[in-house]
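In: this is a predicted model, with the sequence first.
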Amino acid sequence: MGYGGVKLTETEAISETESSVARLGGRQHAVLTGSGTAALTLACGLANAERPRVVIPAIACANVMYAVLYAGKQPVLADVQVLDVTIDPGHVETLLSGDKGIGAVVAVHLYGHRADIDALAGICERYGVMLIEDAAQAVGGNHPDGRPLGAAGDVAVLSFGRTKILDAGGGGALLLDNSAWMTRV
């Protein structure tokens, strides 16, 4: 298998691709998966097992809900903001303050709009909840401070399926910095 004129084994090529994808998302590690849904399922599986509920936006691809269910978790729908249809941080805080069974929040960057990751990160930190950044439809975008979309949550997911910004015909990636979680995955 060739890569930049150098012959690599399949394992080396996968490792090199994962390193490139991690850099693209501003992360230390990336795990390539068969789909963005598989990456999101893995991400949800990293959430605290004793807190099996996952907050997702009421407007998102159906696969976001499927991934939560595939991970053995229970989805909790959060309102979206009227102006950009991304998850509403105020409603997320209301949900977290009233439901101690929530272990994760999925923030989806959707329709060219960034979710308010900074507000969500602060809220999730206050309640000890994992923040999953879904950048499946936002590869190449940036936060206002210049960080790549996908670099701000506890973990992030990308998708390379048809209709996505970076269309490879299929596949996905889980991006993370936590080495212990990387070992678990």
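Out: Yes, it's here.
In: now the strands for this structure?
Out: Ranges of strands in the chain, per DSSP state E, are 2-3, 6-7, 29-33, 53-57, 74-78, 102-108, 130-134, 155-159, 172-176.
In: the nearest residue to Asp118 once chain neighbours are set aside and Val129, how far apart?
Out: Once flanking residues are discounted, Asp118 sits nearest to Ala152: 7.2 Å by Cβ to Cβ, 6 or more residues apart in numbering. All C-beta spots, glycine's among them, are computed from the backbone N, C-alpha and C. Going from Ala152 to Val129 by Cβ to Cβ, to the nearest Å gives 15 Å.
In: of these two, give the one with the bigger neighbour count.
Out: Val129 (24 against 21; other Cβ atoms under 10 Å).
In: show the pLDDT at Gln81.
Out: What the model reports as pLDDT for Gln81 is 95.
In: for the spatially closest residue to it that is not a sequence neighbour, which residues are in contact?
Out: Leaving out its chain neighbours, the residue that sits closest to Gln81 by Cβ to Cβ, 6+ apart is Asp88, at 4.9 Å. The contact partners of Asp88, by Cβ atoms under 8 Å, 6 or more residues apart in numbering, come to 78-81.
In: biggest helix in the protein by residues?
Out: Criterion DSSP state H: the longest helix present in the chain is helix 10-24.
In: by contact count, what packs against that one?
Out: strand 2-3, strand 29-33, strand 172-176 (3 or more Cβ pairs under 8 Å, 6 or more residues apart in numbering; DSSP states H and E).
In: one more pass at 7 Å, please.
Out: Helices and strands touching helix 10-24, as assessed by 3 or more Cβ pairs under 7 Å, 6 or more residues apart in numbering; DSSP states H and E, comprise strand 29-33.
In: restricting to C-alpha, output the strand it packs on in PDB.
Out: Provided in PDB are the C-alpha atoms of strand 29-33 (Å, rounded to 0.1, in the frame of the first residue of the first chain):
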ATOM      1  CA  HIS A  29      -6.100  10.400  19.200                       C
ATOM      2  CA  ALA A  30      -8.600   9.200  16.600                       C
ATOM      3  CA  VAL A  31     -10.200   5.800  16.000                       C
ATOM      4  CA  LEU A  32     -11.500   5.100  12.600                       C
ATOM      5  CA  THR A  33     -14.900   3.400  12.500                       C
END
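In: coming back round to it: highest neighbour count among the contacts of Asp88?
Out: Highest neighbour count within the contacts of Asp88: Ala78, with 23 neighbours (other Cβ under 10 Å).
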